[in-house]
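K.L.:
one predicted model, sequence on top.
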Amino acid sequence: SNGLTVLALPQPGFIRSFAMFAANYGGAMRRFTLGNQVIDTPAGVAHFLEHKMFDMPNGENALSLLSASGASPNAWTSSGMTAYHFSSTSKFEENLRTLLTFVSTPYFTPESVAKEQGIIGQEIRMTEDSPYFAVYVGLMRCLYAHNPIRDSVIGTVESIARISDKTLYDCHRAFYAPSNMTLCVAGGPDPDGIAAIAGEILPAEKLPVPEPDFGPPESPIPLSPGTEKAMAVSAPQFMLGAKLTPAENGEPLHRQELVGALALRCLMGRSSPFYTGLYADGLLSNDFSADVDYAAGTAAIIAGGESAEPGRVRDRLAADVERVVKSGLDEAAFGRARKAAYGSRLRGLESFEDLCFNLARGHFGGYCPLDAFSLLSDISADECAAYIAENLAPERIALSVITPANMKG
């Protein structure tokens, strides 16, 4: 009755169970409409809220409670989602009650917020020294003119200084309503028992869901073609990418995600001419990866790793995209890539963490991730080639590079 979706996949014979309680709320959802009110919040609120949710009104800490009960708890915040989770081999119901109770029971004071501002401020300074963080933010700021995904999920020292206990209460009330959340469980517990516990603990009222505002539509062309920054790295780090418009929620979005992943596997996967050629030339290493990231009403193709000459990697990508535009994808290579995609998804079913994450992401995207197997069989090489031609044209690519700083200077 409160709008919560419970997704449970029983796994008979398994001792270990995993539960994830996720909110459709992330770092990019800073401006939103609730009812007739437009609300602006500082950068970093979603992450700040995640940190503070473990403080309980009775003075206890939920992390400590779960750990003492034999669970392995954790939480994270991305641009588009916040999730609290635990795994355990015993006392599952007790741990589930703790999880649902602390996530649905906010408790903030001005003093605790001020203390956390100092802690997260240190985290921000440490993150700013990370080459991976710098190369990613550099790419996002090349691609996007105003979408909040261009900013860090954890905010800045200045932005979190504007967060108050009222800010946290307001955002919890808006985004942590059961109607904006999902509970995903994999393992041995009985689904009916899980739903009964959720109904017992969580608020009964079904509240309206906030409408995030990510700003006006972005141009398909990057704001800037590239950026470069010197840091203390031993070899250049790079990310190149392009933005695209997500399909409508439901099967269209799911299909687009699968087409994108399969297209990148064909174009830049470990057995592709792109990767094997650049690896043989010493221009890519085995840390190279490519993926499509969906969040904040947008999507971005992101590929990167370490390379002595990132510009040559970009040029080789442009040449391979041109080849696909002219000749399409090799059918035999496409068939192998699709079989590999099947295998990867089958292996993913063995990871309760991945399974619950995909269930939550699929729920917020309006689809069931287990439908991927039937959809994959319907995707063609021509569909993947068209995806590559449309989204990876040279004028749509941006390149972010971190170069080694002059240590003497």
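P.N.:
Good, I have the coordinates.
K.L.:
how about T5: what's its closest non-neighbour residue?
P.N.:
T182 (4.6 Å; C-beta to C-beta, 6 or more residues apart in numbering). C-beta: built from backbone N, CA, C; applies to glycine.
K.L.:
correction: A28
P.N.:
Nearest to A28 is A296, by C-beta to C-beta, 6+ apart, at 3.5 Å.
K.L.:
all the helices of the stretch 251-400 of the chain, residue numbers only.
P.N.:
251-268, 273-280, 310-327, 331-348, 352-365, 372-376, 381-391 (DSSP state H, counting those that start in this stretch).
K.L.:
can I get these in a markdown table with mean pLDDT, distance to D129 and mean neighbour count?
P.N.:
Formatted as a markdown table, the helices of the stretch 251-400 of the chain follow (pLDDT from 0 to 100; distance: least, C-beta to C-beta, whole Å; neighbours: other C-beta atoms under 10 Å):
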| stretch | mean pLDDT | distance to D129 | mean neighbour count |
| --- | --- | --- | --- |
| helix 251-268 | 98 | 29 | 21 |
| helix 273-280 | 97 | 29 | 16 |
| helix 310-327 | 98 | 21 | 16 |
| helix 331-348 | 94 | 33 | 15 |
| helix 352-365 | 97 | 28 | 21 |
| helix 372-376 | 96 | 38 | 15 |
| helix 381-391 | 98 | 33 | 19 |
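K.L.:
for L244, which of the ones you listed is the nearest?
P.N.:
helix 381-391 (4.8 Å; C-beta to C-beta).
K.L.:
which helices and strands sit right next to the closest one?
P.N.:
strand 237-244, helix 251-268, helix 310-327, helix 331-348 (3 or more C-beta pairs under 8 Å, 6 or more residues apart in numbering; DSSP states H and E).
K.L.:
now do it: everything it contacts.
P.N.:
242, 244, 259-260, 262-263, 266-267, 301, 321, 324-325, 328-331, 334 (C-beta atoms under 8 Å, 6 or more residues apart in numbering).
K.L.:
and if we set it to 6 Å?
P.N.:
242, 244, 259, 262-263, 266-267, 321, 324-325, 328-329, 331, 334 (C-beta atoms under 6 Å, 6 or more residues apart in numbering).
K.L.:
stretch 13-23 too?
P.N.:
81-87, 89, 92, 96, 99, 103, 175-176, 181-189, 352, 356, 360.
K.L.:
report the mean confidence score over that stretch.
P.N.:
Averaged across stretch 13-23, pLDDT comes to 94.
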